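>>> test case, fold it:
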Amino acid sequence: MTEGGLPLDHGGMIDRWQRIWVPHREAYLRGEGRPAHDGPGEECPFCRAPGLAEDEGLVVARGDTAYVVMNLYPYNSGHLLVCPYRHVADYTEVDADEAAEIASLTQRAMTVLRSVSRAQGFNIGMNQGKVGGAGIAGHLHQHVVPRWGGDTNFMPVIGHTKPMPQLLEETRRLLAEAWDAED
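Predicted structure coming up:
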């Protein structure tokens, strides 16, 4: 029910909250899609993604020892993950070639994100272990989160949600095209 175009709450009072429903976040909060164990294999999304077609696995770019993939539960549009192909949990476990390629792909991701989305800054980092905040602790992944002035407002703080202006598939397509054009 509404009054003057504003929704009414259950007690008949005007409810001035404007809600943006983000149902895909519920699956993440419930832990769906997370592996039951930290080992390699089809259950690990970072082991599975590079075996899929780019658009199906949301893979943006592939290197020799690591690849770039869209985050299924992004903090911002264009949130990328740089993952080694090899299933390792800790940054100290990557070899020199993997470390170099993770760094190189991270730099390239920043360049492409600036080109495609005019990102003004970045949050870059790895959460190591469950205690360190890693949602998938068994497979190392580095976050590359583009940032813009004013991109954080009341929504994440009060509403505990983040409106995303673009579908993951569209963002992946734009980034992959720009990635290839930069060669």
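>>> quick one: mean pLDDT for stretch 100-114?
Stretch 100-114 carries an average pLDDT of 97.
>>> can you pull the buried residues of that stretch?
101-102, 105-106, 108-110, 112-113 (16 or more other C-beta atoms under 10 Å). The way it works is simple: take the backbone N, C-alpha and C, and place the C-beta from them, glycine included.
>>> list just the nearest of the residues you listed to Pro146.
Leu113 (4.6 Å; C-beta to C-beta).
>>> pretty sure that closest one is touching Phe122, no?
Yes. Assessed by C-beta atoms under 8 Å, Leu113 is found in contact with Phe122 at 7.5 Å.
>>> shared neighbours of these two, anything?
Residues touching both Leu113 and Phe122 (C-beta atoms under 8 Å, 6 or more residues apart in numbering): 144, 146.
>>> re the thing from before, how about the buried residues of stretch 100-114 in JSON lines, adding secondary structure?
Listed next are those as JSON lines, based on DSSP: H, G, I helix; E, B strand; the rest coil:
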{"residue": "Glu101", "secondary structure": "helix"}
{"residue": "Ile102", "secondary structure": "helix"}
{"residue": "Leu105", "secondary structure": "helix"}
{"residue": "Thr106", "secondary structure": "helix"}
{"residue": "Arg108", "secondary structure": "helix"}
{"residue": "Ala109", "secondary structure": "helix"}
{"residue": "Met110", "secondary structure": "helix"}
{"residue": "Val112", "secondary structure": "helix"}
{"residue": "Leu113", "secondary structure": "helix"}
